[in-house]
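> can't give you the sequence, but here's the structure:
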């Protein structure tokens, strides 16, 4: 009897929490890379602290329990990172969050050599997921791209 009551409670809880998001579409937030700062380094790995600005276009707050992001620099997977930090951005607001990422020293050297070989731009593309906690632990995907530096562009 206790087990049946427990299962009934679990089903009711899942139904109530599942219906809380029913009919509410979530527009993906806009995320931009705004800063890169060295964190630590070893012979084979460079740690970088990435700072992102998130803009919430939804009329309700977005919160997350973790972030996964992969930052490509000049079409090369260079800075994958994860963070278990909680965060929130208010409805129609913006905030910043940080993720520590790791790059191989060899990958960074390739980028420097490409740049010295006549490459004029430094572009980035990022893809990631803001993970949400709870029973429906889905995530909100985001992506962005831009130029960090372009020597052919006038100021």
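Perfect, thanks for sending it. As the structure is a prediction and not an experimental result, all values here were calculated from the model. Numbers count the residues shown, from 1 in each chain.
> where in this protein is the helix or strand with the lowest mean pLDDT?
Within the chain, no helix or strand scores below helix 2-19, which has a mean of 51 by mean pLDDT, DSSP states H and E.
> next secondary structure after that one?
Counting by DSSP states H and E, the next helix or strand C-terminal to helix 2-19 is strand 30-41.
> and that following strand, what does it pack onto?
strand 45-55, strand 121-131, strand 139-150 (3 or more Cβ pairs under 8 Å, 6 or more residues apart in numbering; DSSP states H and E). In this view, the C-beta of every residue, glycine as well, is placed from N, C-alpha and C.
> I'd say residue 126 and residue 67 touch.
No: Residue 126 is beyond contact range of residue 67, at 11.0 Å (criterion: Cβ atoms under 8 Å).
> okay, the two: which has more neighbours?
residue 67 (24 against 20; other Cβ atoms under 10 Å).
> leaving out chain neighbours, which residue sits closest to that one?
Spatial nearest neighbour of residue 67, chain neighbours left out: residue 83 (4.7 Å); criterion: Cβ to Cβ, 6 or more residues apart in numbering.
> tally of neighbours for that neighbour?
18.
> is it true that residue 57 touches residue 26?
No: checked against Cβ under 8 Å, the pair residue 57 and residue 26 is beyond contact range at 9.7 Å.
> okay, and for the protein, where does confidence drop off?
Low-confidence regions of the chain, defined by pLDDT under 70, span residues 1-24, 117-118, 134-137, 151-155.
> how about 80 then?
Within the chain, the ranges that satisfy pLDDT under 80 run 1-24, 111-112, 114-121, 133-138, 148-155.
> please produce CSV containing the helices and strands packed on strand 30-41, extended by distance to residue 96.
Shown next, in CSV, are the helices and strands packed on strand 30-41 (distance: least, Cβ to Cβ, whole Å):
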stretch, distance to residue 96
strand 45-55, 5
strand 121-131, 13
strand 139-150, 14
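> out of those strands, the one nearest residue 37 is which?
Judged by Cβ to Cβ, the one of the helices and strands packed on strand 30-41 that comes nearest to residue 37 is strand 45-55, at 4.7 Å.
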